[in-house]
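Trainee: quick one, what's the 3D model for this:
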Amino acid sequence: MKVEFSSCPVQASLKVLGREWAFLVLTCIALYRAQRYNDMVRAMPGIPKRLLTKRLSELESSGLIVRAESRRGYVRWELTEKGADVVPILMTLVRFGSKWYADEVLPDRRANELTEIFDEPYIRRTLGLPAH
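Mentor: Here you go, the predicted model:
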């Protein structure tokens with residue numbers, strides 16, 4: 001390595017991201033477009049509502065998401081620039097889970113590539129890659 005860390009950057013990142021349901025909340029906002037509270041509850045069966053409220057507050061305090069009010073007056077959540085930097089990690093986890101845990105996560109139980117799950121323009125846009 002070219003740099004000597006004063007502490008582990010993975011450990012620092014996981015202080016927030018490693019908390020139970022944190023990655024899933026970010027996945028809902030970033031990939032599933034479930035940006036309202038009730039949409040997240042439906043997208044994450046089993047999450048206690050109190051815990052979802054707590055994670056949203058922690059992710060907001062950490063600067064990963066912001067509360068955005070819509071024209072209709074309801075609250076929705078959006079990624080900040082810092083939160084958007086987590087999206088490639090989320091896509092990597094989707095790719096990994098779809099390959100190695102296909103029997104659990106996909107109806108046909110066969111491994112899928114990202115391009116079989118998402119449209120290529122969506123993948124490029126989400127990862128900040130140039131369009132073809």
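
Trainee: and whichever helix or strand residue 23 is part of, how far out from the chain middle?
Mentor: In the assignment (DSSP states H and E), residue 23 maps to helix 22-30. Relative to its chain's centre, helix 22-30 lies at 3 Å (Cα atoms, centre = their mean, to the nearest Å).

Trainee: report all helices and strands that that helix contacts.
Mentor: Secondary-structure packing of helix 22-30 (3 or more Cβ pairs under 8 Å, 6 or more residues apart in numbering; DSSP states H and E): helix 9-17, helix 37-43, helix 49-61, strand 75-79, helix 81-84, helix 87-100. All C-beta spots, glycine's among them, are computed from the backbone N, C-alpha and C.

Trainee: CA atoms of whatever helix or strand comes next after the longest one as PDB?
Mentor: Going back to what we said before, that points to helix 87-100. Remark: after helix 87-100, the chain's next helix or strand is helix 102-105, criterion DSSP H and E. What follows is helix 102-105, C-alpha atoms only, in PDB (Å, rounded to 0.1, in the frame of the first residue of the first chain):
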ATOM      1  CA  ALA A 102     -29.500 -17.300  -6.900                       C
ATOM      2  CA  ASP A 103     -31.400 -20.300  -5.400                       C
ATOM      3  CA  GLU A 104     -32.600 -17.900  -2.600                       C
ATOM      4  CA  VAL A 105     -33.100 -14.600  -4.400                       C
END
